[in-house]
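Engineer: Return a 3D structure for these sequence lines:
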Amino acid sequence: MKLAILSCSPKCYSTRRLTEAAEQRGHQVKVLNTLKFAIDLEQGKPDLYFRQKRLSSYDAVLPRIGSSITYFGTAVVRQFEQMDVFCANSSASISNSRDKLRSLQILSRHHIGIPQTTFVRDKKDVLPAIERVGGAPVIIKLIEGTQGIGVLLAESVSSAEAIIELLQSQKQSVLIQKFVAESKGRDIRAFVVGNQVVGAMRRVAQGQEFRSNVHRGGLTEPVILDALYRETAVRAAQIMGLKVAGVDLLEGKNGPQVVEVNSSPGLEGIEACTQLDIAGAIIDYIAAQIDFPEIDLRQRLTVSQGYGVAEIYIPVGSEYIGKTIQESRLRDKDITVLTRYRGTTVIPNPRSNRQLQAGDRLLCFGKLDLMRDLIPAKVRRKRRPKVKDLPVLPVADEVFKEGKSTPPSIFPQEAEED
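Structural biologist: Now for the predicted structure:
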């Protein structure tokens, strides 16, 4: 395997360990500075240049994209994806995980335990938001903070208000999050590779510090996770689309609470704590997956006119309840069921004898018009505007004709976006 590690820090522990693990396994590996790429776009020929030279071919890419270069870094990863090179973490998954609000929005939909969180903009909404998450003390987070930076604990409502007002005055977007008292000063980092947790540690804050991050001086101890914590960590990484991830969980009284899913987790703390070869596990996983580069499923399946991907909900009272997928005759309507969701259970490529129940959600591919007809009339959006034929005359002339008024000036009073 010829592997490229995208990193701006070739001498940092994680990059050195990944390089070492790849070489020990007989792979060809090179560390490429993410900021030294040029992205060339041409019809049918996506290409990359590195240090002014055309990049040679690689079998796989392991992105280590820092938060300060997320936009450019994910653009480089996206270009590798267009060139059908396997990327351990996709550009979309990195972007989603980097935004704390977006990642919690995605996780909440999939019934993953998360601390109650709110995001407000208007000053008048701050006090009600604090009350909704349980009042003070409360956690305040910058949306794109990392390594514990930008995470604050406000002991009182007045101090929370003052902090939020200060941050918003600096054009910062902040989250207000419930303080999980039973896990004060400690959390769990579960390192996920592929479909399993390959190592886990508990991090404990020191002194008056409430943040347990290793970069904030937190101490670590190895921990063996029970099935619930392992499943939650793996599901969180899968939902975010990450094949290599560090999932941070709080030990809440009602079970694990995911606070963050990291796309470029550091290796130094977890390897020192567990004495496990985490870098080797990552390299072994990539070597086993290089024949299946990440593809944008929706993008690939919607290239045929009239066809697309949609999620169909089976409501109470639906005629499909109690029927198997075969009996539903969806296939006869040119609709293929790709995945069935039931609560937290996901069944990919379900068999035809799988029975449907109220509340099931089916990810389907097929004719969009036919799938739209499957939505019950009472839950279908009532206003469905009809697409009109384009006018024969140019739009400006058509408007002038209908309004019978003076044609508009060539110097509009208000600038509009393109």
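Engineer: Who does the nearest residue to residue 228 once chain neighbours are set aside form a beta bridge with?
Structural biologist: Leaving aside its chain neighbours, residue 228 sits nearest to residue 255 (6.1 Å; criterion: CB to CB, 6 or more residues apart in numbering). The way it works is simple: take the backbone N, C-alpha and C, and place the C-beta from them, glycine included. With DSSP bridges applied, residue 255 shows beta-bridge pairing to residue 252.
Engineer: check contacts around residue 255.
Structural biologist: Going by CB atoms under 8 Å, 6 or more residues apart in numbering, residue 255 touches 113, 228, 232.
Engineer: Turn these into CSV, columns for distance to residue 66.
Structural biologist: Formatted as CSV, those follow (distance: CB to CB, whole Å):
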residue, distance to residue 66
113, 28
228, 32
232, 27
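Engineer: buried stuff in stretch 99-111?
Structural biologist: 100, 103-104, 106-107 (16 or more other CB atoms under 10 Å).
Engineer: make that stretch 163-170, sorry
Structural biologist: Buried, per 16+ other CB under 10 Å, within stretch 163-170: 163-164, 167-168.
Engineer: And the residues you listed, which is closest to residue 89?
Structural biologist: Distance to residue 89 across the buried residues of stretch 163-170 (CB to CB) is lowest for residue 167, with 29.2 Å.
Engineer: shouldn't the closest one be in contact with residue 161?
Structural biologist: No - contact status for residue 167 versus residue 161: not in contact, 11.1 Å apart, counting by CB atoms under 8 Å.
Engineer: thinking again about what came up before, which among the buried residues of stretch 163-170 gets closest to residue 359?
Structural biologist: residue 164 (37.7 Å).
Engineer: distance between stretch 179-194 and the chain's centre?
Structural biologist: 19 Å (CA atoms, centre = their mean, to the nearest Å).
Engineer: again, but for stretch 66-83
Structural biologist: On CA atoms, centre = their mean, the centre of stretch 66-83 falls 14 Å from the chain's centre.
Engineer: For residue 60, list the residues it contacts.
Structural biologist: By CB under 8 Å, 6+ apart, the neighbours of residue 60 are 1-4, 85-88, 286-287, 289-290.
Engineer: Kindly recompute the last result at 6 Å.
Structural biologist: Residue 60 is in contact with 3, 86, 286, 290, counting by CB atoms under 6 Å, 6 or more residues apart in numbering.
Engineer: Residue 243 now?
Structural biologist: Counted by CB under 6 Å, 6+ apart, residue 243 has contacts 88-89, 194.
Engineer: Could you check the pLDDT of the residue lying closest to it once chain neighbours are set aside?
Structural biologist: Closest residue to residue 243 apart from its sequence neighbours, by CB to CB, 6+ apart: residue 88 at 5.3 Å. pLDDT for residue 88: 94.
Engineer: What is the neighbour count of residue 88?
Structural biologist: 27 (other CB atoms under 10 Å).
Engineer: I'd like to know the phi and psi angles of it, please.
Structural biologist: Note on residue 88: backbone dihedrals following degrees, to the nearest 10 are phi -60, psi -40.
Engineer: how close does it get to residue 364?
Structural biologist: From residue 88 across to residue 364, the span is 29 Å (CB to CB, to the nearest Å).
Engineer: Please parse the chain into its domains.
Structural biologist: With domains defined by the TED database, the chain comprises 2-97, 116-179, 183-291, 299-382.
Engineer: picking that back up, just curious, which of the contacts of residue 255 is nearest to residue 93?
Structural biologist: Nearest to residue 93, judged by CB to CB, of those is residue 232 at 17.7 Å.
Engineer: was I right about that closest one contacting residue 256?
Structural biologist: Yes - contact criterion CB atoms under 6 Å: residue 232 and residue 256 qualify, at 4.5 Å.
Engineer: Give me the pLDDT value at the nearest residue to residue 205 once chain neighbours are set aside.
Structural biologist: Setting aside the residues directly before and after it, residue 205 is nearest to residue 185 in space (CB to CB, 6+ apart), at 3.9 Å. pLDDT, residue 185: 82.
Engineer: Same check on the one 4 residues further on?
Structural biologist: In this prediction, residue 189 carries a pLDDT score of 96.
Engineer: gap between it and residue 200?
Structural biologist: 7 Å.
Engineer: and those two? which has more neighbours close in?
Structural biologist: Legend: neighbour count by other CB under 10 Å for residue 189 and residue 200, higher for residue 189 (27 against 23).
Engineer: May I ask you to confirm that that one is in contact with residue 201?
Structural biologist: Yes - the pair residue 189 / residue 201 is scored as a contact, 5.5 Å apart, by CB under 6 Å.
Engineer: quick one: the helices in the stretch 51-200 of the chain?
Structural biologist: Using DSSP state H, counting those that start in this stretch, the helices of the stretch 51-200 of the chain run over 70-82, 91-98, 100-109, 126-132, 157-169.
Engineer: Let's have those in a markdown table, adding mean pLDDT.
Structural biologist: Converted to a markdown table, those look like this (pLDDT from 0 to 100):
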| stretch | mean pLDDT |
| --- | --- |
| helix 70-82 | 94 |
| helix 91-98 | 93 |
| helix 100-109 | 91 |
| helix 126-132 | 92 |
| helix 157-169 | 89 |
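Engineer: Just the pLDDT for the nearest residue to residue 352 once chain neighbours are set aside.
Structural biologist: The shortest distance from residue 352 to any residue other than its chain neighbours is 3.8 Å, reached at residue 326 (CB to CB, 6+ apart). pLDDT for residue 326: 90.
Engineer: Quick check: residue 326 is in a helix.
Structural biologist: No - according to DSSP: H, G, I helix; E, B strand; the rest coil, residue 326 belongs to no helix; its state is coil.
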